[in-house]
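**Student:** Curious how this folds, go ahead:
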Amino acid sequence: MRKRAWIAALGLVGLGEALYMLAYTAGWVDHLWCPLFGSGCDRVGRSKAATHFGVPNSAAGAVYYATTTTLALWAADAAPHQKRLPIATLGATSALAVAASAYLVWAQAARVRAFCFWCLTSSGVNAALALLTIPDSLRALKFSSP
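**Tutor:** Residues are numbered from 1 along each chain as shown. Next comes the predicted model:
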């Protein structure tokens, strides 16, 4: 499987997790299945750390993962200099997502004092996406310099 197919697949995994968490946030799911942390998923999902600027983190994540999947499919197997915009955007958004994930993992530990399996899995997906996208993004930006 080509690298961008893996990126798209990871985007779909992240989208599924984000939509599950969004269903919980919206009240469509009463209780989150949390295989490693007991009630930790529910505690994190209902905490102040689950929303920023009035937007649930799960909604922002769903938009990010849908965008990531779309950009990866758009770029397909193109070289970085052939599809600069989607490739550079993949790296930039992945870098922001991994930074946000680092902050949210800290918030789970320091503020909520509970961990969410789905949130930590999402952080792992974001780290993998960053590793897969940032190198090509830097190459795309290098090619776009005069």
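
**Student:** gap between the longest helix along the chain and the chain center?
**Tutor:** Secondary structure assigned by DSSP state H gives helix 117-144 as the longest helix of the chain. Here the centre of helix 117-144 is set off from its chain's centre by 9 Å, with C-alpha atoms, centre = their mean, to the nearest Å.

**Student:** list the helices and strands that helix packs on?
**Tutor:** Applying 3 or more C-beta pairs under 8 Å, 6 or more residues apart in numbering; DSSP states H and E, one finds that helix 117-144 contacts helix 3-25, helix 40-45, helix 84-107. Backbone N, C-alpha and C define where each C-beta goes, glycine included.

**Student:** what pLDDT, on average, does it get?
**Tutor:** Across helix 117-144, the average pLDDT comes to 93.

**Student:** can you check stretch 19-39 too?
**Tutor:** Stretch 19-39 comes out at a mean pLDDT of 95.

**Student:** Export the helices and strands packed on helix 117-144 to a markdown table and append columns for distance to F53 and mean neighbour count.
**Tutor:** Shown next, in a markdown table, are those (distance: least, C-beta to C-beta, whole Å; neighbours: other C-beta atoms under 10 Å):
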| stretch | distance to F53 | mean neighbour count |
| --- | --- | --- |
| helix 3-25 | 15 | 19 |
| helix 40-45 | 18 | 23 |
| helix 84-107 | 12 | 19 |
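
**Student:** buried stuff in the longest helix of the chain?
**Tutor:** 117-120, 122-123, 125-126, 128-130, 132-134, 136-137, 139-140 (16 or more other C-beta atoms under 10 Å).
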